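Undergrad: Okay, sequence plus prediction incoming.
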Amino acid sequence: MSFYRMHIIIPMDEEAVEHGAIEVKRELSELIEKNNLKDEVKVIETGPVGVVGKGVVMIIYPERLYYYNVKPSDVKEIFEEHIVKGRIVKRIEHDYGEKRAGKIVDYKTVGLTREQKRVVLDRCSIINTLDMEEVIAKGGYSAIEKIISEKIKPEEIIEEVKNSGLRGRGGAGFPTGLKWDFTRRTPGDEKYLICNADEGEPGTYKDRLILEGDPHKLIEAMIIGGYAVGAEKGYIYIRGEYQLSIERTQKAIDDARKFNLLGKNILESGINFDIEIKKGAGAYVCGEETALIESLEGKRGQPRKKPPYPVNKGLWEKPTAVNNVETLANIPAIIINGANWFKNLGAVNSSGTKVFTILGHVEYPGLVEVEMGTPLKDIINIYGGGVKKGKKFKAALIGGAAGVFLSEKLLNVSMDYESLKENKAVLGSGAILVMDEDTSIPEILFSILKFFAHESCGQCSPCRIGTRHLVDLIYKIKNGEGTEKDLDMMLKIVETMKETSFCPLGQSVIMPVKSALTNFKEDFIKILNKKNNEEVLNA
Amino acid sequence: MKLEDLKKIREKYEKEMTLRDGKFKIKIIVGMGTSGIAAGARDTLKALLDEIAKRGLKDVLVTQTGERGLSSNEPVITVEEEGKPSIVYGDVSAEVARKIIAEHIVNGNPVSDYILEVKK
Ligand SMILES: Cc1cc2nc3c(=O)[nH]c(=O)nc-3n(C[C@H](O)[C@H](O)[C@H](O)COP(=O)(O)O)c2cc1C
């Protein structure tokens, strides 16, 4: 085996490919081959790095230097200067934090390349997921190894997960250990574990990063979950548009089978578990666990009545645990490092880390994994680089479409389940949409309500009719034709929907509507009767 | 595949991954400016890499830097170690490079004949 002095990472996702990542990789590999550097420099393709809008990214180790917007025509210069001579090509946008003997020298104080607390994403954009040796060398399947060699029982795993305080990252924040315990305790010879990879929340793509960047972590977690709840079959329900995620995850499943990590008698331990991918058709409501189960059964994706809950009657009426991708991705680390280690990360009643998607008017949109309880302003200002072009902050929509509009007053809020709840907000999918001073809140609310009207499944009338009414009202208001009465009507509708809708989709429309109308009331009042007044003035 | 096979794969490939997580104790920097390359720095670099691979050393990292302005003593390499002064070596041929690995890196005895500078 050779000793490489340099590893060059080219993260691949659709954005990178569109900007020529494949050509960059080919060009680079050819130069390395031609100059006989194959034994000292290794080129590795990984999943996405979580930085958006920077085209092709190239990361050079050991310096941990990031080049951005690399074009195929830049490759020759990078090769000759950096790879051969060790000189940074300053002309190309770059950024770096050097890790020397454990010490970190950060050259930039903001941005997504800053040190994060990565538990879930620890291998993303570090390993080539298509190469089992890299996966295993970087700790892949070591939690399974521990369970088998230490003969850890399913009940002990559940205890550990309970003690860790892990809560669901799919939105509701339900304790994962408890969900597994219910599934295990429900009598039945056939049980299922479903990974919810529908990721329908607009603007969020944290689960995609895991599916593309480290699908083996998910597979390992599902084996553990299956073993814990007593399921031999797992499904990953991925939204159909996630083409690359589906390919990567399928390849990972195939590789795991080849290595006897999936299938019958895993690593000759007596554990049986296998996984199948199911593609969703992109309906938001199919992310709701019971609608997802309906869809998996081949029916129209509409939510079921709860109870019974899936842990008692899920897929094919069998006990089923449904877990989000990010939730599951925490499991291997909990098994390896223990519940206490995990509990020490994060905040009270919110152990661990959280992956946030920062989007909107920030300098560095992308993904960041930090400890639960990190103040909102740090996420926006340090990792996101602050509001774009030095403009003033106006609002942040936290948690996706069914999230809450926060004003400047709440910039100090800790991002964890409990602190957000105290402020009538939710963590949701972990999306943080930042809006600058020029943003019109009524316009944003209009697009959110259009989204809900489009995604309402139509099963129950409060949601079907309510969302339609809301769109009409906000349309009128944003065009300056609204009245005080219209605002009251909107609140009345969302209150009614909260009380009477069949599923959480309709029940949660109140979140964005009420928070926008309360926290940004002036923005709405300002434009009421605007058209009328103007007409009067002009008359 | 059995449990033991999994362990074997992990042990075999673990070392290579240290490059990406910054967990190394010794860093060897080779001067790769134009005059360094002219004086044979590429051979020096190759010899270092080869020797490290042969000995299966962990926690060692080889990297390069541009011109250092010591052209009369090229190739020049610097050995940096946690908690110790850095040592700059000059006139490091491939042969000397192997010697530095054997004596300095493995046994902890710097090769005094080739030391240009000790940086506190
Ligand atoms: C309208 C709607 C959409 C949802 N979409 C998702 C989704 O895309 N991904 C997800 O993991 N959970 C989604 N959920 C939450 C799931 O119903 C469920 O709570 C979650 O998958 C449980 O996993 P967890 O405990 O790991 O969070 C959605 C819920 C609702 C009401």
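TA: Received it, and whenever you're ready, just let me know what you need. Being a predicted model, the structure only gives us computed values, none of them experimental.
Undergrad: Would you tell me which helix is longest in chain B?
TA: Using DSSP state H, we find that the single longest helix of chain B is helix B:3-21.
Undergrad: Which residues does whatever helix or strand comes next after it contact?
TA: Going down the chain from helix B:3-21, the next helix or strand is strand B:26-31, by DSSP states H and E. Strand B:26-31 is touched from outside by A:62, A:86, A:100-101, B:36, B:41, B:44-45, B:48, B:59-68, B:70, B:74-82, B:105, with contacts defined as C-beta atoms under 8 Å, 6 or more residues apart in numbering or on different chains. In short, each C-beta sits where N, CA and C put it, glycine included.
Undergrad: wouldn't A:L328 be in contact with A:I223 here?
TA: No. Applying C-beta atoms under 8 Å, one finds A:L328 not in contact with A:I223, separated by 10.4 Å.
Undergrad: So which of the two has more stuff around it?
TA: Taking other C-beta atoms under 10 Å in any protein chain shown, A:L328 and A:I223 do not tie; A:L328 has more neighbours (31 against 28).
Undergrad: how does chain A divide up, domain by domain?
TA: Residue ranges for each domain of chain A read A:6-106, A:132-342, A:347-436, A:441-535, as given by automatic domain parsing.
Undergrad: what about those, which gets the closest to the ligand?
TA: Taking C-beta to the nearest ligand atom, domain A:132-342 is the member of the domains of chain A nearest to the ligand, at 2.2 Å.
Undergrad: What distance do you get for the nearest residue in space to A:T320 that is not next to it in sequence to A:I271?
TA: Leaving aside its chain neighbours, A:T320 sits nearest to A:G314 (2.5 Å; criterion: C-beta to C-beta, 6 or more residues apart in numbering or on different chains). Between A:G314 and A:I271 the computed distance is 21 Å (C-beta to C-beta, to the nearest Å).
Undergrad: neighbour count winner among these two?
TA: More crowded of A:G314 and A:I271, by other C-beta under 10 Å: A:G314, with 26 against 19.
Undergrad: Quick check: mean pLDDT of stretch A:339-358?
TA: Stretch A:339-358 comes out with an average pLDDT of 96.
Undergrad: Nearest residue to the middle of chain B?
TA: By C-alpha atoms, centre = their mean, chain B has its centre lying nearest to B:I28, at 3.6 Å.
Undergrad: Show me the beta-bridge partners of that residue.
TA: The partner list for B:I28 in beta bridges (DSSP bridges) reads B:V62, B:V79.
Undergrad: Could you tell me which residues within stretch A:406-424 count as buried?
TA: Judged by neighbour count (16 or more other C-beta atoms under 10 Å in any protein chain shown), stretch A:406-424 contains these buried residues: A:406, A:410, A:413-417, A:419-420.
Undergrad: That stretch and the ligand in contact?
TA: No. Figure legend: stretch A:406-424 not in contact with the ligand (C-beta under 6 Å from any ligand atom); closest approach 11.3 Å.
Undergrad: Tell me if stretch B:108-120 is near chain A.
TA: No. Using C-beta under 8 Å from any C-beta of the partner chain, stretch B:108-120 stays clear of chain A, coming no nearer than 14.3 Å.
Undergrad: hmm, who's touching that stretch?
TA: Contacts of stretch B:108-120 (C-beta under 8 Å, 6+ apart): B:70, B:73, B:76, B:79, B:85-92, B:96, B:99-100, B:103-104.
Undergrad: likewise stretch A:20-39?
TA: A:2, A:4, A:8, A:10-12, A:41, A:43, A:45, A:55-56, A:58, A:70-72, A:74-76, A:78-79, A:83-84, B:49.
Undergrad: Inside strands: which ones of those residues?
TA: Of the contacts of stretch A:20-39, the ones assigned to strands by DSSP state E are A:8, A:10-11, A:41, A:43, A:45, A:58.
Undergrad: So A:Y66 belongs to a strand, correct?
TA: Yes. Membership of A:Y66 in a strand is supported by DSSP: H, G, I helix; E, B strand; the rest coil.
Undergrad: Surely it touches A:D95?
TA: Yes. Between A:Y66 and A:D95 there is a contact under C-beta under 8 Å: 5.0 Å.
Undergrad: And A:K279, its phi and psi?
TA: phi -90, psi 130 (degrees, to the nearest 10).
Undergrad: count of residues packed around it?
TA: By the criterion of other C-beta under 10 Å, A:K279 has 15 neighbours.
Undergrad: ditto for A:E159
TA: The burial count for A:E159: 15, using other C-beta under 10 Å.
Undergrad: which residues does it contact?
TA: Counted by C-beta under 8 Å, 6+ apart, A:E159 has contacts A:G177.
Undergrad: do A:K206 as well
TA: A:K206 makes contact with A:199, A:325-326, A:355-357, A:367, A:429-430, according to C-beta under 8 Å, 6+ apart.
Undergrad: Give me the helices and strands touching the helix or strand containing A:I194, please.
TA: Secondary structure from DSSP H and E places A:I194 in strand A:192-197. Secondary-structure packing of strand A:192-197 (3 or more C-beta pairs under 8 Å, 6 or more residues apart in numbering or on different chains; DSSP states H and E): helix A:215-229, strand A:233-239, helix A:289-296, strand A:320-324, helix A:325-329.
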